[in-house]
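Peer 1: predicted model and sequence follow; I will ask about them next.
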There are 2 protein chains.
Amino acid sequence: MVRMKCVISYDGSGFAGYQIQPAKRTVQSEIESALKVLHKGEAVKVTASGRTDAGVHARGQVIHFDTSLPIPETKWVQVLNSIFPEDIAAIQVEAVDDAFHARFSATGKEYRYRLYTTPHRDPLKRFYAYHFPYSLNIEAMEEAARYLTGTHDFTSFCSAKTEVKDKVRTIRKIAIVQEGEEIVFQLVGNGFLYNMVRIIVGTLLECGTGKRSPEEIPEILEAKDRSKAGKTVPPEGLYLWNVFYDN
Amino acid sequence: MVRMKCVISYDGSGFAGYQIQPAKRTVQSEIESALKVLHKGEAVKVTASGRTDAGVHARGQVIHFDTSLPIPETKWVQVLNSIFPEDIAAIQVEAVDDAFHARFSATGKEYRYRLYTTPHRDPLKRFYAYHFPYSLNIEAMEEAARYLTGTHDFTSFCSAKTEVKDKVRTIRKIAIVQEGEEIVFQLVGNGFLYNMVRIIVGTLLECGTGKRSPEEIPEILEAKDRSKAGKTVPPEGLYLWNVFYDN
């Protein structure tokens, strides 16, 4: 058996999220079905760096699986793209050491959140960016972002349903990039809790419209109370952009 | 009755093209159905600047229709966006003189064709850009484009099914813009024949890969024979970008 590490991209619009759920179309179930056919009916378990919610996209999700098929390493991208559905693609595949684990070996992740601010909605972006037709003060959002950068307990910035106990995470970078009528939030950290990126962006937007002041951020962190932070922005703007591993 | 000029945008992926066809979902039928409801059951005829094919998008299609509804001019965008389906949006609406005609008053159009050249397909672009994973010589394509710019008989560059007799058109501009892994062709002209943009781009790509030399373009134009030009590229990369009118 050889362990394969695989960088995949998907359009989240047609999936009920990454993780397998009964009677729903998910990214994991589509990949496992495709690999089962490739392995002549033998089930292949696929492990990802983490889940993504319904409607959330991935440009650089990472998965691993073990295989005994004698496919040369350089042919795997092509083989996987021939068996994956149109809304999932393999971008890079390599054979890795058995110690590699898509989730536990990850040292960090980058998410991006994309929105556009034109007054009218854009049919061509409806599944790919959040329509937020308000004027935004970028400096205020950047100031708020500086308070969030670093190591904090992010209890206030994750879903109250989060089951993980340790809610301390380190955000290495939050960049806010304006590209014409679009604004892209880039967040890099050692890990993100359930809904954390979407709640952070929702809170930054409230600072950007003036509904909140950036100085409130330390109090919100301190409160360790989800209800103190801003709204969860919708999934269509969110992209799992990169997963980082040592070397 | 007041004539309304309306700039609309749509995602062509879910439509069998712009024009009404029996038992198919088309842009025109969706707009006419929505307007009929708005006009309390009264049929409203909608006229566009021209058709677009199945899968082709519009950022700036123009339509007109006549209405007796007492809706203030500034409210129309909002009203239309509340009755249009999610894959069609009104961007700008204004009351115009009765002499205005979306098709006959048009003085020119801009189309854009978008492709990407990464080796692997991108699920997030599958409906919005053509996947062309080959290396392209931009200078050769620009040289070919210069031969096509100006006033020519474009018989070789339109579908053999074209019913229009006069196939002389003027292309004012062909720009080829590289944006990272994407290449966007921008074509501006006084009018485009059936499939003309897609055949021009297909022919330019054959010059870009070296399959043809740019110097062949004058002969192809001269031949007035569709079979002499390149392949018709697929619809998903094509956008009706702008329709121009005097003043």
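Peer 2: Now that the structure is in, tell me what you want to look at.

Peer 1: so how far is A:Arg59 from A:Val7?
Peer 2: According to CB to CB, to the nearest Å, A:Val7 and A:Arg59 sit 9 Å apart. Heads up, the C-betas are built off the backbone N, CA and C, glycines and all.

Peer 1: do the same with A:Arg212
Peer 2: Distance, A:Arg212 to A:Arg59, by CB to CB: 30 Å.

Peer 1: can you classify A:Leu69 by secondary structure?
Peer 2: Under DSSP: H, G, I helix; E, B strand; the rest coil, A:Leu69 falls in the coil class.

Peer 1: what about A:Asn195, how many residues nearby?
Peer 2: Using other CB atoms under 10 Å in any protein chain shown, A:Asn195 is surrounded by 21 other residues.

Peer 1: that one is in contact with A:Cys158, isn't it?
Peer 2: Yes - using CB atoms under 8 Å, A:Asn195 makes contact with A:Cys158 at a distance of 5.8 Å.

Peer 1: what residues are shared contacts of those two?
Peer 2: Shared contacts of A:Asn195 and A:Cys158, defined by CB atoms under 8 Å, 6 or more residues apart in numbering or on different chains, are absent.

Peer 1: near chain B, which residues of chain A are found?
Peer 2: Within chain A, the positions adjacent to chain B are A:9-11, A:57, A:59, A:77, A:81, A:86-91, A:119-124, A:126, A:128 by CB under 8 Å from any CB of the partner chain.

Peer 1: which of those are buried?
Peer 2: Among the residues of chain A next to chain B, those buried by neighbour count (16 or more other CB atoms under 10 Å in any protein chain shown) are A:9-11, A:57, A:59, A:77, A:81, A:87-91, A:120-124, A:126, A:128.

Peer 1: pLDDT value on the residue nearest to A:Ile91 when sequence neighbours are not counted, please?
Peer 2: Leaving aside its sequence neighbours, A:Ile91 sits nearest to A:Val7 (CB to CB, 6 or more residues apart in numbering or on different chains; 4.6 Å). Note for A:Val7: predicted pLDDT of 98.

Peer 1: beta partners of A:Val7?
Peer 2: Under the criterion DSSP bridges, A:Val7 forms beta bridges with A:Val62, A:Gln92.

Peer 1: pretty sure it contacts A:Val96?
Peer 2: No - judged on CB under 8 Å, A:Val7 makes no contact with A:Val96 at a distance of 11.8 Å.

Peer 1: of the two, which one has the most company?
Peer 2: Using other CB under 10 Å as the criterion, A:Val7 and A:Val96 rank with A:Val7 on top: 21 against 17.

Peer 1: contacting residues for that one?
Peer 2: A:60-62, A:90-93.

Peer 1: wait, A:Met4 touches A:His64, no?
Peer 2: Yes - A:Met4 sits in contact with A:His64 when judged by CB under 8 Å, with a separation of 6.4 Å.

Peer 1: list residues touching both of those two?
Peer 2: A:Val96.

Peer 1: how about the helices in chain A?
Peer 2: Chain-ordered helices for chain A, with DSSP state H as the definition, fall at A:27-38, A:76-83, A:138-148, A:196-208, A:217-223.

Peer 1: what about stretch A:168-188, start to end distance?
Peer 2: 15 Å (CA to CA, to the nearest Å).

Peer 1: no wait, stretch A:11-20
Peer 2: Span of stretch A:11-20 from end to end, CA to CA: 16 Å.

Peer 1: quick one: residues contacting the closest residue to A:Thr151 other than its chain neighbours.
Peer 2: Distance criterion CB to CB, 6+ apart; nearest residue to A:Thr151, sequence neighbours excluded, is A:Thr170 at 4.4 Å. Contact partners of A:Thr170, counting by CB under 8 Å, 6+ apart, are A:150-151, A:189-190.

Peer 1: show me how to select, in ChimeraX, the buried members of the residues you listed.
Peer 2: Only the buried entries of the contacts of A:Thr170 go into this ChimeraX selection, using 16+ other CB under 10 Å:
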select /A:189
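
Peer 1: quick check, nearest of the contacts of A:Thr170 to chain B?
Peer 2: Within the contacts of A:Thr170, proximity to chain B (CB to the nearest CB) peaks at A:Gly189, which comes in at 22.9 Å.

Peer 1: test my guess that the closest one contacts A:Thr107.
Peer 2: No - using CB under 8 Å, A:Gly189 is not in contact with A:Thr107, being 10.5 Å away.

Peer 1: pull the most distant pair out of the contacts of A:Thr170.
Peer 2: Distance extremes for the contacts of A:Thr170: the farthest pair is A:Gly150 and A:Asn190 at 11.3 Å, using CB to CB.

Peer 1: please parse chain A into its domains.
Peer 2: Domain segmentation of chain A under automatic domain parsing yields A:2-96, A:108-245.

Peer 1: got any ranges where chain A has weak pLDDT?
Peer 2: Where chain A drops to pLDDT under 70, the residues are A:247.

Peer 1: and stretch A:237-247, what's buried?
Peer 2: A:237-244.

Peer 1: among those residues, which are in strands?
Peer 2: A:238-244 (DSSP state E).
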